[in-house]
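**Q** Take this sequence and fold it.
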Amino acid sequence: MISAFSVYHHLAARMAQGQILLAGDSAHVISPIGGQGMNLGWLDAWVAAGVLAQAVRASDPPVRLFDIYSRDRRRAASIARRRAEFNMWMGRESRLQGMARLQALKYGTVKRVLNSNAARYFAKRFTMRGL
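**A** Numbering: from 1, shown residues only. Have a look, this model is predicted:
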């Protein structure tokens with residue numbers, strides 16, 4: 001299949017500044033494979049809602065809460081980017097001469113994993129669980 005689709009990613013230097021929290025595509029862009037960027041955005045929103053609720057209840061300025069949010073969500077976005085790149089590499093067809101063996105190895109590995117006890121573990125990683 002020929003496609004004009006290109007792989008790219010972006011991660012904001014900070015996901016919190018003053019009283020502003022970034023989430024989703026304003027904070028990170030990950031090439032879409034399996035909706036991982038979208039899922040990560042929903043997770044950002046979920047975590048941000050909890051942080052904002054804590055900030056409203058806190059008597060001190062929420063700077064520390066926002067810094068922790070920024071650090072943790074940047075880490076999650078970095079992990080998601082690596083997972084997405086790996087998944088895209090695994091699914092990309094090798095077009096170079098002599099790469100047919102690599103392609104067969106990738107497909108064979110995926111087939112064995114999906115038919116093993118490890119399938120649940122890899123399904124969780126593909127769907128961004130734990131981020």
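
**Q** Next one, pLDDT for residue 107 please.
**A** Confidence at residue 107, expressed as pLDDT, is 78.

**Q** Any idea how far the helix ranked longest in the chain is from the middle of the chain?
**A** Identified as the longest helix of the chain according to DSSP state H is helix 63-91. The chain centre lies 5 Å from the centre of helix 63-91; the measure is C-alpha atoms, centre = their mean, to the nearest Å.

**Q** That helix packs against which elements?
**A** Helices and strands touching helix 63-91, by 3 or more C-beta pairs under 8 Å, 6 or more residues apart in numbering; DSSP states H and E, are strand 9-11, strand 16-17, strand 20-21, strand 28-30, helix 36-57, helix 119-126. In short, each C-beta sits where N, CA and C put it, glycine included.

**Q** and the angle from the fifth one to helix 119-126?
**A** Between the axes of helix 36-57 and helix 119-126, defined by axes from the mean of the first three to the mean of the last three C-alpha atoms, to 10 degrees, the angle is 70 degrees.

**Q** just checking, what packs against helix 36-57?
**A** Secondary-structure packing of helix 36-57 (3+ C-beta pairs under 8 Å, 6+ apart): strand 20-21, strand 28-30, helix 63-91.

**Q** Pull out the buried positions in the longest one.
**A** Applying a neighbour-count criterion of 16 or more other C-beta atoms under 10 Å, the buried positions in helix 63-91 are 65-66, 69-70, 73-74, 76-77, 80-81, 83-84, 87-88.

**Q** tell me which of those residues is nearest to residue 49?
**A** residue 69 (10.8 Å; C-beta to C-beta).
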